[in-house]
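Novice: Sharing a sequence plus its predicted fold:
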Amino acid sequence: MAKNKKSPGVRDQAEKLALKPRFVGDAMSPADRRAAETLARDCLDFLTRSKTERAVVRSVRQRLTAGGFADLDRETRAKAGGFLVHHQKLLGLWRPGQAGPETGFNLIVAHGDSPRLDLKPKCVYEESGPGLGLLRTNLYGGLKKHQWLARPLALWGFCALKDGRTVDIVFGEDPRDPVLTVPDLLPHLDRKVQREKKMGEAIVAEKMNLVAAALPLGEPEDKDRLKLAVLKILHDRWGLTEEDLISSELELVPAGPAREVGLDGALIGGYGQDDRLSVFAALSAVLASPRPRRPTLAVIYDREEIGSYGATGAGSRFIEDLAARAFEASGLEPRWAKVRAALRHSQGLSADVEAAMDPDYKEVHEEYNSARLGRGPCLVRYTGGAGKYGASEASAEYVAKVRAAFDQGGVLWQSALLGKQEEGGGGTVALHLAAYGLNIIDCGPPVLSMHSPFEISSKADLWMTVRAYKAFLEMD
Ligand code: MN
Ligand code: MN
């Protein structure tokens with residue numbers, strides 16, 4: 001009996017011809033492992049501090065300023081590169097290359113928004129029977145409603161007052177703070193209203209209200225004592241009135257820090273990794289590529305989770321302004337046709353997370369083309385639903401070019417698609433950039449439990465993703 005099942009000839013052929021899926025961990029040196037740990041700790045901190053689109057922009061801006069980037073709204077000439085912030089929720093950066101901007105940029109885009117609960121404009125009310133002051137919520141993005149019940153939630157808010165003042169709120173993150181929560185029905189009584197229904201219908205969005213107060217204000221004969229109790233706290237703590245809430249953006253996110261996961265601590269667990277994990281990786285890659293051959297543009301969009309509509313979404317024209325500012329900062333006249341040509345000749349990478357194969361639901365994935373945790377960032381040639389509807393697809397030539405750049409940068413990567421053709425589907429911002437005629441491909445780390453309050457990624461994948469994005473930014 002031969003020791004190996006394959007004969008040496010076949011082994012040679014397999015070595016030469018077949019794809020060899022590899023764990024990133026198998027290719028890491030002890031120094032690589034230490035670097036991956038340091039990066040992961042920094043990422044945990046970034047995720048913990050950056051739980052809203054505004055907070056993401058704030059964190060990124062701080063890191064860019066520390067890295068020598070100038071605010072292009074204040075300084076038009078910026079040697080080391082600069083950034084533009086739009087409406088405090090959208091951030092674009094430019095870094096000069098050895099070549100000028102006329103021949104195009106290497107463009108990396110990600111999104112800073114994540115699924116969550118928002119408060120409605122008129123949100124404070126009471127249920128005097130149950131004896132509670134409550135807050136009405138509005139869903140934001142594709143979340144599975146049951147995952148947001150009966151768990152500690154923190155309130156991250158931004159309020160704009162009539163006199164021009166603004167108020168920032170973070171409530172429920174400090175372990176000494178109380179938290180908010182949406183209660184769920186006990187299993188003893190849920191048979192008709194929840195358990196016998198389809199999962200998607202069992203939880204009704206309008207019943208996802210937050211418990212905000214239980215101590216009534218005033219005397220037993222007074223009216224609206226619990227609603228007033230909530231309003232009084234909002235006023236005492238942050239100076240707000242009920243009308244001020246109408247000009248506020250109040251977001252409920254899972255309370256508490258991002259954590260290491262697994263007995264071996266090899267995974268990163270935390271809210272908002274779609275797509276702040278890619279934001280963090282892209283930023284780390286930009287900061288580690290100080291002098292690329294082609295100039296860099298990077299954009300962190302908002303509103304991806306609800307279709308990229310609006311002034312801060314990828315459907316806006318922000319990229320044109322950013323490219324024009326890059327021309328100006330390089331000392332060039334930003335003529336419309338030249339800026340458009342530069343965008344058309346740009347090379348794009350849409351940095352967004354990919355669904356990792358779920359060990360308990362393998363049936364929704366197509367096993368040959370699904371992403372695995374620990375095998376590196378995913379190159380996703382196309383997204384969309386069945387029949388490639390709504391898909392942005394990278395051309396063969398472009399995929400080949402990115403593969404070559406990854407090889408050169410020592411990147412271990414995997415080819416992946418979202419799931420089986422008829423299970424559902426999803427898209428990214430890639431198509432909005434492809435509208436300029438540029439080449440773009442989706443590439444990001446695999447994530448388990450995507451869109452849940454506790455998403456899971458791999459430290460090794462994060463480390464390799466930064467390497468992949470760096471190889472892309474340095475691509476000719
Ligand atoms: Mn995403
Ligand atoms: Mn998403």
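Specialist: All right, it came through fine. Numbering: from 1, shown residues only. Ligands and ions are numbered 1, 2, ... in the order given.
Novice: Show me which residues of the stretch 101-250 of the chain are close to ligand 1?
Specialist: Residues of the stretch 101-250 of the chain lying close to ligand 1 by Cβ under 5 Å from the ion: none are found. C-beta here means a position set from N, CA and C on the backbone, and glycine is covered the same way.
Novice: beta partners for whichever residue of the stretch 101-250 of the chain sits closest to ligand 1?
Specialist: Residue nearest to ligand 1 within the stretch 101-250 of the chain: residue 111 (5.7 Å; Cβ to the ion). When bridges are called by DSSP bridges, residue 111 pairs up with residue 301.
Novice: wait, what's in contact with it?
Specialist: Residue 111 is in contact with 275, 278-279, 300-305, 314, 352, 429, counting by Cβ atoms under 8 Å, 6 or more residues apart in numbering.
Novice: Including neighbour count and pLDDT, could those go into a markdown table?
Specialist: Below are the contacts of residue 111 laid out as a markdown table (neighbours: other Cβ atoms under 10 Å; pLDDT from 0 to 100):
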| residue | neighbour count | pLDDT |
| --- | --- | --- |
| 275 | 30 | 97 |
| 278 | 32 | 98 |
| 279 | 28 | 98 |
| 300 | 30 | 98 |
| 301 | 29 | 98 |
| 302 | 27 | 98 |
| 303 | 24 | 97 |
| 304 | 27 | 97 |
| 305 | 20 | 96 |
| 314 | 26 | 97 |
| 352 | 27 | 97 |
| 429 | 26 | 93 |
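Novice: show me what contacts residue 181?
Specialist: Applying Cβ under 8 Å, 6+ apart, the residues near residue 181 are 150-153, 210-211.
Novice: Quick check, pLDDT for residue 384.
Specialist: Looking at residue 384, its pLDDT stands at 76.
Novice: what's the burial count for the nearest residue to it once chain neighbours are set aside?
Specialist: Leaving aside its chain neighbours, residue 384 sits nearest to residue 391 (2.9 Å; criterion: Cβ to Cβ, 6 or more residues apart in numbering). Residue 391: 15 surrounding residues under other Cβ atoms under 10 Å.
Novice: sorry, back to before: any chance of a PyMOL selection covering the buried ones in the contacts of residue 181?
Specialist: Here is the PyMOL selection string for the buried members of the contacts of residue 181, based on 16 or more other Cβ atoms under 10 Å:
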select buried, resi 153+210+211
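Novice: so of the contacts of residue 181, which ones are in strands?
Specialist: Among the contacts of residue 181, DSSP state E puts 153, 210-211 in strands.
Novice: Was I right to think residue 432 contacts residue 314?
Specialist: Yes: using Cβ atoms under 8 Å, residue 432 is in contact with residue 314, at 3.9 Å.
Novice: what touches both of the two?
Specialist: With Cβ under 8 Å, 6+ apart, residue 432 and residue 314 have common neighbours residue 308.
Novice: one step back: from the contacts of residue 181, which is closest to residue 346?
Specialist: Residue 346 lies nearest to residue 153 out of these, by Cβ to Cβ, at 40.0 Å.
Novice: Tell me how far stretch 423-439 lies from the chain's centre.
Specialist: Stretch 423-439 sits 16 Å away from the centroid of its parent chain (Cα atoms, centre = their mean, to the nearest Å).
Novice: re the thing from before, any chance of the contacts of residue 181 in CSV, with pLDDT too?
Specialist: Output for these, formatted as CSV (pLDDT from 0 to 100):
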residue, pLDDT
150, 98
151, 98
152, 98
153, 98
210, 98
211, 98
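Novice: May I ask which helix or strand encompasses the spatially most central residue of the chain?
Specialist: Nearest to the mean C-alpha position of the chain, counting by Cα atoms, centre = their mean, stands residue 275 at 1.5 Å. In the assignment (DSSP states H and E), residue 275 maps to helix 273-287.
Novice: That helix close to ligand 1?
Specialist: Yes: if you take Cβ under 5 Å from the ion as the test, helix 273-287 does meet ligand 1, through 274-275.
Novice: pull the CA atoms of that helix into CSV?
Specialist: What follows is helix 273-287 as a C-alpha-only set of coordinates in CSV (Å, rounded to 0.1, in the frame of the first residue of the first chain):
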residue,chain,number,x,y,z
GLN,A,273,-18.2,45.0,11.6
ASP,A,274,-20.3,45.3,8.4
ASP,A,275,-18.7,47.5,7.3
ARG,A,276,-16.4,49.1,10.0
LEU,A,277,-14.1,46.1,9.8
SER,A,278,-13.4,47.1,6.2
VAL,A,279,-13.2,50.8,7.1
PHE,A,280,-10.6,50.0,9.7
ALA,A,281,-8.6,47.7,7.3
ALA,A,282,-8.8,50.3,4.5
LEU,A,283,-7.6,53.1,6.8
SER,A,284,-4.8,50.9,8.1
ALA,A,285,-3.7,50.2,4.6
VAL,A,286,-3.8,53.8,3.5
LEU,A,287,-1.7,54.8,6.5
